[in-house]
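Asker: Structural data only, the sequence is not supplied:
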């Protein structure tokens, strides 16, 4: 081992000229970067040292994300120092320091006020201790793979921490405050073979939406969450105290993935009576339990799918809250008594500041808007949850409804005397009971409005009237019945949640005008009752559309129409109980190896306006199946399609047999009889 000193001036670490004597450091050497020396670790380079000291006015630079400094061998660094900085650390695209000593001596890490790159502790038997505060950037990660890290009561600011293995390792937090500044999962621990010493520490999140995976069975001291957006807590864990404080917005939340216990005080602070804190289970309709010794709240706390337990008194009076909002699915919490809130006046108003009967509606409050508006008025809905049974049917004067997103917790009743504006907005039906969604017939809720159905498990929303939206209708939880009504939307989706639910398509027409995946039904836990409905894929552009199911898609009637040439691809096998209609000049593509079965096929193009039927893979057929009657078509371009099932398939005299087809006769039918025949002209 040797003491290696950098030359003054600017040099790359992996060049001999960077070092006094022209000798590059090895893993056994203690490295010093003195004043006036700038040593850069190049891109895609791993350099070695036993310890590194950056002196005052010295600079250690990381050229990119792939610049790596590996520190440590089988012995401790000089003076038990692993890394000591009194100079400057320059990060271009970040980089990494890997501490990998296998010495059992306690070795120190001194940041010297600099922001460090990604840090990894990965030395079997190693023991590292912070000598001062450690800061790594918002996008950087501290990874504990094996060995011991003791924060030694020093304040730390880390983007995130990861320790997701089963190696023997120890994390000691002492009296440190660990502030996590990243996004996404900022604390991710597997508890197996981990010794976690929380001591009197505090974990804090103060940036934006983030989540914690604490590790099953782990114990922490204080957890303080002041971040904007959602803070998600996962794993069954215990802590001494937990505080969630919202910012000055209306959408902050505390989302709970598993039961947890607070042995001291659970503090829930909302910013105001309108900037409310939502406390909810991560999975809708899946109740989680918070066990707390004491509960302190401010302003309005809204709960969903939460059981309040422990010696804490879950009431507004005992906790200090103004109101408890009941989104539904709760127990063990004494909610504020519901009260009907009625809007007043003839002028425009904003939901959060309007003069309601007694308060801005809570999720359990019924809401009545029956104002006689004068012309040109607007209702601005700026609360994320606007009430339980919300009824606009009695109002007059055709006011505009302006909103970004809102949720109702029961019935939603619109009226034709309203105009709903906006693009990309979302209405969520979140009632945990049997409710109705009354659309007032020809209601058009914005050019790309979405409707999300998130009802209670086994409970049903029933549509009353036709629904026209430009965005997605998404069936996430609970049941939905279309009835004898129509739906016009951009796309149809069932894939967000995995809970059991039933969708009754009714007897009307479901028209989808979007592009891309317009029918995304790849969920295994959905019961689909197609009745006598017709699903129409009606986009007129040249952009491709696709339909995805969970092994098999089921329809009663499926109609591929619209003047555009954009291909429509069936990504799953399909059962069509009645008729498949394909209009010209559509391209209808079957995924190779899948089967689309139907009772009748209507597919007739015209001269210069052919219908193309093909497969996703040239030379590998998709299959049409029809068991009875006669399939009669014309003006087709057929490629890689196998016709089976027992019924004769006539492509028509004007159709083109490109290649790879079987079971088709390229003439008109000999006869025009049969129970499965949809009679078509042959041009």
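Answerer: Ah, there it is. Every value quoted in this text rests on a predicted model; they were computed, and no experiment measured them.

Asker: So which residues of the stretch 401-550 of the chain form helices?
Answerer: Taking DSSP state H, counting those that start in this stretch, the stretch 401-550 of the chain contains no helices at all.

Asker: Give me the below-cutoff pLDDT ranges for this protein.
Answerer: Applying pLDDT under 70 to the chain picks out residues 421-422, 441-447, 671-683.

Asker: Can you tell me, leaving aside adjacent residues, what's nearest to the residue nearest the centre of it?
Answerer: In the chain, the centroid-proximal residue (CA atoms, centre = their mean) is residue 496; its distance is 8.6 Å. Of all residues not flanking residue 496 in the chain, residue 476 sits nearest, at 4.5 Å (CB to CB, 6 or more residues apart in numbering). Using the backbone N, CA and C atoms, a C-beta is placed for each residue, glycine as well.

Asker: Over to residue 358?
Answerer: residue 339 is the one closest to residue 358 (CB to CB, 6+ apart), at 5.7 Å.

Asker: is it true that the one you found lies in a strand?
Answerer: No: looking at residue 339 with DSSP: H, G, I helix; E, B strand; the rest coil, it is coil, so not inside a strand.

Asker: State the number of residues packed around it.
Answerer: By other CB atoms under 10 Å, 14 other residues sit near residue 339.

Asker: What spatial separation is found between residue 344 and residue 354?
Answerer: 8 Å (CB to CB, to the nearest Å).

Asker: Contacts only, for the residue nearest to the centre of the chain.
Answerer: 452, 474, 476 (CB atoms under 8 Å, 6 or more residues apart in numbering).

Asker: Identify the residues contacting the second one.
Answerer: Same thing as residue 474. If a contact means CB under 8 Å, 6+ apart, then residue 474 has 450-453, 493-494, 496 as its contacts.

Asker: Is it possible to get TSV of the residues you listed that adds distance to residue 630?
Answerer: Putting the contacts of residue 474 into TSV (distance: CB to CB, whole Å) gives the following:
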residue	distance to residue 630
450	43
451	41
452	44
453	41
493	37
494	35
496	42
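
Asker: From those, pick the one nearest residue 646.
Answerer: residue 494 (32.3 Å; CB to CB).

Asker: Would you report the backbone torsion angles of residue 580?
Answerer: phi -100, psi 120 (degrees, to the nearest 10).

Asker: Can you tell me the closest non-neighbouring residue to it?
Answerer: With CB to CB, 6+ apart as the criterion, residue 580 has its nearest non-adjacent residue at 4.3 Å, and that residue is residue 598.

Asker: OK, contacts around the one you found?
Answerer: Counting by CB under 8 Å, 6+ apart, residue 598 has contacts 558, 576, 578-580, 624-626.

Asker: what comes up buried for stretch 61-77?
Answerer: Neighbour-count burial for stretch 61-77 flags 61-63, 65-73, 76-77 (criterion: 16 or more other CB atoms under 10 Å).

Asker: In helices only, show me those.
Answerer: Judged by DSSP state H, helices contain none of the buried residues of stretch 61-77.

Asker: For residue 150, state which of these is nearest.
Answerer: residue 76 (14.9 Å).

Asker: Pull the number of nearby residues for residue 567.
Answerer: Count around residue 567 with other CB under 10 Å applied: 18.

Asker: measure the residue nearest to it when sequence neighbours are not counted to residue 612 for me?
Answerer: Of all residues not flanking residue 567 in the chain, residue 587 sits nearest, at 3.9 Å (CB to CB, 6+ apart). According to CB to CB, residue 587 and residue 612 sit 4 Å apart.

Asker: quick one on the thing from earlier: for the residue nearest to residue 567, give me its contacts.
Answerer: When contacts are counted by CB under 8 Å, 6+ apart, residue 587 touches 565-568, 611-614.

Asker: Please apply the same query to residue 315.
Answerer: Residues near residue 315 by CB under 8 Å, 6+ apart: 324, 333-334.

Asker: you'd agree residue 484 is up against residue 507?
Answerer: Yes: between residue 484 and residue 507 there is a contact under CB atoms under 8 Å: 5.1 Å.

Asker: The host helix or strand of residue 261 - which strands sit beside it in the sheet, and in what orientation?
Answerer: Per DSSP states H and E: residue 261 is located in strand 260-269. Paired with strand 260-269 in the same sheet, following DSSP bridges, are strand 237-245 (parallel), strand 288-298 (parallel).

Asker: Beyond that strand, next helix or strand please.
Answerer: Following strand 260-269 in sequence order, the next helix or strand is strand 277-281 (DSSP H and E).

Asker: between that following strand and strand 237-245, how big is the angle?
Answerer: 150 degrees (axes from the mean of the first three to the mean of the last three CA atoms, to 10 degrees).
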